[in-house]
Every structure is written in structure tokens, then in C-alpha cells.
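>>> Sequence and predicted structure are below.
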Amino acid sequence: MSSSEGRTPDFREPGSAPRWRVAVGAAVVAAVVLVGIVVAVSAITAGRQAVADVPAPVSSFTTPAPALSTPSPGRVFVHILGRVERPGLYEVASGSRAVDVVARAGGFRGDADQTALNLARTVADGEQIVVPRVGESASPVPPAGTSSSSAPSGMVDLNAADAATLETLSGVGPATSAAILAWRDEHGRFAAVEDLLDVPGIGEKKLEALRESVVAG
């Protein structure tokens, strides 16, 4: 008997792989799929978290404060002007006296006529106090809308004239008329013609030139 006759025949098909190799390949594929699923889930979760963390826009709109129209309970509004340091509108306690309002306005100026006012009287809501210069009287303030017709013929009322009227005065141009109106807006009114000295650009010489043409009505 020849040597070839004693061997066991190999019945495996050509190209077939052992079973363990198939198992390893399947495990690798499963691992790759699992990793892909984990990555996808992580990405979705992170995206949702990012959206949740975005703060809601804060509106920059604020409700405007209400205009000051009525005093607080137990308070009154008083308008003081003329020869005080800081003329203007002040809110003071009910029962305050004129001297308290003068103090709120910074006190009298050096040329103020302190004897023209009853400093001991109690002030009322909506009252206007005019502190005159020495030698002048505290003329009452005309109601709003009053025309300047009460001024003497040919005279310009500093408390009623507009820019065009002021510019008809000798030596008063657009710049000076604007300064006069700005001073009047800030201080309420001219208590006397001499208050023009407080207007920027007007000195003693210009005041003398205007004195016979203007009044503080």
C-alpha cells in the first residue's frame, strides 16, 4: 500500500474559514454599531442641553416714570423765583412757611428785598413766591396765556415777548434774544428789568440801552 492510501481525506470546501473567525468579525461589527449609536445619542443630548441653556432675551423696555403732577400726601408744590440762589419748583411739607421755601432755594441773593415777604406765613399748594430786588415790588405773575398788551405803549414785556419781538430792541440779535428766553425758561420770569444783568452777554452798558424799552410785567 502506498503512503497516499493511508491518509484521511480532507473534505473541507476550498476558501472556507473557521467558525471562530466569523464570530470575531460579527463582534467587531456589533461593537462599531454600538459605538455609533452612543455617539449619536450623545450628540442629540448635547444639542438639547445647549438649547435649554440659552437664556431668554431680557427686554430692555422699561416703563417710563410718571410725570410729576401731584405732590405726595402731606406735601405741596411751591414755585419760587426772583432774587434767590436757585429759583425753581420745590416740593415741601404741608404746613411749611415761606422761609422754608427760601431756604430750599439756597437763600436770598445779596440784593434781595427780604422785607417784601412775610416769611412766617404758611405756603399753599401751587403758590408762586416772587422775591424782588431792593427798591422794587414783587409784581404778581400774569396767568398763562396773558398777552403783553398790558405793557406800556412801545415797551417790550420781558416776560411775554418772543424771540422776534426781542430782536426789535436796539442791540438785541438772535444770540441775545435766545439767551434772554433761556434765562426766562430757567428762572420762570424776570422780577425786574435789572435781572437782565444775569443774562449772559448783557452788561451794564446794554442794560442802560434797553432800560427805556423794556418792562418786567
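Good, I have the coordinates. Model, not experiment: these values are computed from the prediction.

>>> what's the helix or strand where residue 178 lies packed up against?
Using DSSP states H and E, residue 178 sits in helix 174-187. Using 3 or more C-beta pairs under 8 Å, 6 or more residues apart in numbering; DSSP states H and E as the contact criterion, the elements in contact with helix 174-187 are helix 163-166. Quick note: C-beta positions are derived from backbone N, CA and C, even for glycine.

>>> can you give me the strands for this structure?
Applying DSSP state E to the chain gives strands spanning 75-82, 88-93, 127-131, 156-157, 214-215.

>>> Just send those strands back as CSV, with mean neighbour count too.
Formatted as CSV, the strands of the chain follow (neighbours: other C-beta atoms under 10 Å):
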stretch, mean neighbour count
strand 75-82, 21
strand 88-93, 15
strand 127-131, 20
strand 156-157, 20
strand 214-215, 20
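
>>> Could you dump these into JSON lines and include mean pLDDT?
What follows is the strands of the chain, written out as JSON lines (pLDDT from 0 to 100):
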{"stretch": "strand 75-82", "mean pLDDT": "89"}
{"stretch": "strand 88-93", "mean pLDDT": "92"}
{"stretch": "strand 127-131", "mean pLDDT": "87"}
{"stretch": "strand 156-157", "mean pLDDT": "88"}
{"stretch": "strand 214-215", "mean pLDDT": "90"}
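
>>> Same list (the ones you listed) but as JSON lines, adding distance to residue 34.
Below are those laid out as JSON lines (distance: least, C-beta to C-beta, whole Å):
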{"stretch": "strand 75-82", "distance to residue 34": "77"}
{"stretch": "strand 88-93", "distance to residue 34": "77"}
{"stretch": "strand 127-131", "distance to residue 34": "88"}
{"stretch": "strand 156-157", "distance to residue 34": "96"}
{"stretch": "strand 214-215", "distance to residue 34": "98"}
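
>>> And those: which comes nearest residue 189?
With C-beta to C-beta as the criterion, residue 189 lies closest to strand 75-82 of the strands of the chain, at 6.0 Å.

>>> Using CSV, write out every CA atom in the closest one.
Output of strand 75-82 as CSV, limited to C-alpha atoms (Å, rounded to 0.1, in the frame of the first residue of the first chain):
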residue,chain,number,x,y,z
ARG,A,75,-46.6,117.6,50.5
VAL,A,76,-47.2,120.7,48.4
PHE,A,77,-45.6,122.3,45.4
VAL,A,78,-44.3,125.9,45.6
HIS,A,79,-42.7,127.9,42.8
ILE,A,80,-40.2,130.5,44.0
LEU,A,81,-38.3,132.9,41.7
GLY,A,82,-36.6,136.2,41.7
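
>>> in stretch 114-122, what's buried?
Residues 116, 117 are the ones in stretch 114-122 that count as buried (16 or more other C-beta atoms under 10 Å).

>>> picking that back up, report the buried residues of the helix holding residue 178.
176, 177, 179, 180, 181, 183, 184, 187.
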